[in-house]
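*Asks:* no sequence on hand, only this structure:
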């Protein structure tokens, strides 16, 4: 035992910060150096990730509509397996992680991993900086370090969690976005608008898109599915991209009104 890997899908960076913090702390506890694998970009999901009995893997994903991102779940199911330990980690934007942690636990367990610990950590919401602003904070990351040390200890002890230890249901319905009036809203087809007066065609947005869906020659053209991750919006250095869809904006307004309270991290170990 002793190899520690941090594996993550992190369009906007919060999941990466959390998983890297955890993997580094666990590796230090076990007297080894951590390794990292980022499968955010499409090409990184073309390969299989296989781990042996000596491996402890921290697997991190953002929460989308209360579940594992539906475009990434097939990769987790088919491209990630192991006979060692795995720690499922989800990052949620202050509303709730709903069933995402239960779903990720189930996927990893089905793929052969034993699971000593699991976590749901708060990160600034991708849709709006008004929710969980600046999180994960230094305090959040310190708590993540302490959790990871205990997770590593549980792994060496051979103490495992079961599905019943994790809140939620792996196959529960997705959360349905609501507007301020409490009625469901649908922005599945929404894509970012581009201000061509600001855009200088640098290609940053196309490189940032985890689905490879932005046309490099015309960044205003979406050539594949948009998962609303906001990576292109957040990483555009000129502020040229934004979501202007009315349904999207109405859901964002509801979130800002109803979920301003600071949510708590959940560490199960």
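*Replies:* Arrived safely, thanks for sending. No experiment lies behind these values; they were computed from the predicted model shown.

*Asks:* which residues touch the one residue sitting closest to the centre of the chain?
*Replies:* Against the mean C-alpha coordinate of the chain, by C-alpha atoms, centre = their mean, the closest residue is residue 62 at 1.9 Å. Residues in contact with residue 62 (C-beta atoms under 8 Å, 6 or more residues apart in numbering) are 9-12, 14-15, 69, 90-93, 123, 126, 229. All C-beta atoms are positioned from the backbone trio N, CA, C, and that covers glycine.

*Asks:* recalculate using a threshold of 7 Å.
*Replies:* Listed by C-beta atoms under 7 Å, 6 or more residues apart in numbering, the contact partners of residue 62 are 15, 69, 91.

*Asks:* the last one: which element?
*Replies:* Per DSSP states H and E: residue 91 is located in strand 85-92.

*Asks:* determine how far that strand lies from the middle of the whole chain.
*Replies:* How far strand 85-92 lies from its chain's middle: 9 Å, per C-alpha atoms, centre = their mean, to the nearest Å.

*Asks:* can you list contacts of it?
*Replies:* 14-15, 18-19, 22, 56-63, 97, 100-101, 104-105, 108, 113-123, 151, 155.

*Asks:* need the outlier residue of this structure, farthest from its centre.
*Replies:* For the chain, the largest distance from the centre (C-alpha atoms, centre = their mean) belongs to residue 197, which lies 32.1 Å off.

*Asks:* ranges for the strands of the stretch 51-200 of the chain?
*Replies:* Taking DSSP state E, counting those that start in this stretch as the test, the strands found in the stretch 51-200 of the chain are 55-62, 80-82, 85-92, 118-122, 193-194.

*Asks:* mind putting the ones you listed into JSON lines with mean pLDDT?
*Replies:* Below are the strands of the stretch 51-200 of the chain laid out as JSON lines (pLDDT from 0 to 100):
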{"stretch": "strand 55-62", "mean pLDDT": "98"}
{"stretch": "strand 80-82", "mean pLDDT": "96"}
{"stretch": "strand 85-92", "mean pLDDT": "98"}
{"stretch": "strand 118-122", "mean pLDDT": "98"}
{"stretch": "strand 193-194", "mean pLDDT": "96"}
